[in-house]
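Participant: quick check, what structure comes out for this input:
(one chain, ligands or ions: 1)
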Amino acid sequence: MNLSPSTRTHSQAAGGARILRAKDILRSALAPSRVAGRSIGLVPTMGSLHEGHLSLLRAAREECDVVVMSLFVNPAQFGPGEDLDRYPRDEVRDAQLAAEAGVDLVYAPPVEEVYPDGFETQVEVRGLTEVLDGDPARRGPGHFRGVTTVVAKLLNAVQPDVAFFGQKDAQQLAVIRRMVRDLDFPVRVEGLPTVREPDGLALSSRNAYLGPEDRERALALSRALRTVDSGAREGSLAAGIEAARRELEAAGVEPEYLEARDPDDLAPVAELNGRPILVAVAARVGGARLIDSVLIHPAPTET
Ligand code: PAJ
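Facilitator: Alright, predicted model coming up:
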């Protein structure tokens, strides 16, 4: 891609992707591509990249002419007592992996660039943010307010044609889709499947908090979701969920929730209804709060 000359406000880790810290520099860097009609893809991340992130970057590389990855550990989406301070950070490694995945630009702003003095505006999606993780007894709607506010800002800074998100954070994806629809952001949101370890554990930056024993116990989450999936295939979602609860209990994992919901509006679902169903689980395992989910697709009707 055609990029404007270097300035003091960007840096390049050895062999890593070019890192920009300021949104006006980012806009100037993207302007020639925009004028030339090249498609721009954005992959928002909080860094500490793993194969889940890389799958989004590769999809963006495949679909778009220019790929921007944002790298920002967003304080606004962490509640008091959450892991903001110990969240894993390694920008040099991330820039290296991003370059290998074909990222053209990394937008890694400092906190003051995103939230300057006097920052008073928030973007809030109601309803969808009050259930599951948004329940006030869990992370609460403030978590999603932090997510939608920063994603709105990132969409405005980059103005991508396509933005890529993981299905792993299924509620986040539903909330972002709703925000984009409600506020007419001119972007297509693409949700991509969850990348897992060979034993089923969903990749997450927070897996770094798991010791070997807790990692073993954490497997109960994906196992429970597979159990719901097979229960549903055998014809009963409710029986599948019951079996999954027993599975979690046997592993000594107490779920914060294990629920079936509509993937778009997150309304509770009691039984198979011929439409895709989201089953989401969250649990604290050792030092980590983990979430996982699966989309159950309706069985194809026989002809
Ligand atoms: P982060 O947790 O870094 O995740 C960045 C993106 O990677 C999200 O879209 C997430 O759903 C996706 N992702 C994480 N684990 C995945 C996996 N195992 N398979 C596939 N995709 C996976 O989510 C956030 O950051 C933030 O909330 C953000 C959207 C960047 C806003 O701050």
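
Participant: and the strands in the protein?
Facilitator: 10-12, 18-20, 40-45, 66-71, 105-107, 162-166, 188-192, 255-261, 277-285, 288-296 (DSSP state E).

Participant: ok, residues contacting the third one?
Facilitator: Judged by Cβ atoms under 8 Å, 6 or more residues apart in numbering, the contacts made with strand 40-45 from elsewhere in the structure are 30, 33-34, 53, 56-57, 60-61, 63-72, 94, 103, 150-151, 154-155, 158-165, 187. Glycine gets a C-beta too; all of them are placed from N, C-alpha and C.

Participant: narrow those residues to those that are buried.
Facilitator: 30, 33, 53, 56-57, 60-61, 64, 66-72, 94, 103, 150-151, 154-155, 158-165, 187 (16 or more other Cβ atoms under 10 Å).

Participant: which parts of the protein sit against the ligand?
Facilitator: Contact residues (Cβ under 6 Å from any ligand atom) of the chain with the ligand: 44-46, 52-53, 55-56, 74, 77, 147, 150-151, 165-166, 168-169, 172, 194-195, 202-205.

Participant: switch to 5 Å and redo it
Facilitator: Counting by Cβ under 5 Å from any ligand atom, the positions of the chain adjacent to the ligand are 44-46, 52-53, 74, 147, 150, 165-166, 168-169, 194-195, 202-203.

Participant: surely L84 and V73 touch.
Facilitator: Yes: proximity of L84 to V73 meets the contact threshold set by Cβ atoms under 8 Å, at 7.1 Å.

Participant: quick one, which of those two is more surrounded?
Facilitator: V73 (18 against 14; other Cβ atoms under 10 Å).

Participant: for that one, give me phi and psi.
Facilitator: When read as degrees, to the nearest 10, the backbone of V73 gives phi -80, psi 110.

Participant: wait, it sits on D85?
Facilitator: No: in this structure, V73 is not within contact of D85 by Cβ under 8 Å, at 10.0 Å.

Participant: for the longest helix seen in the chain, which helices and strands make contact with it?
Facilitator: Longest helix of the chain, by residue count under DSSP state H: helix 212-233. Using 3 or more Cβ pairs under 8 Å, 6 or more residues apart in numbering; DSSP states H and E, the elements in contact with helix 212-233 are helix 237-250, strand 255-261, strand 277-285, strand 288-296.

Participant: what would these look like in JSON lines with distance to K23?
Facilitator: Output for these, formatted as JSON lines (distance: least, Cβ to Cβ, whole Å):
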{"stretch": "helix 237-250", "distance to K23": "44"}
{"stretch": "strand 255-261", "distance to K23": "35"}
{"stretch": "strand 277-285", "distance to K23": "33"}
{"stretch": "strand 288-296", "distance to K23": "30"}
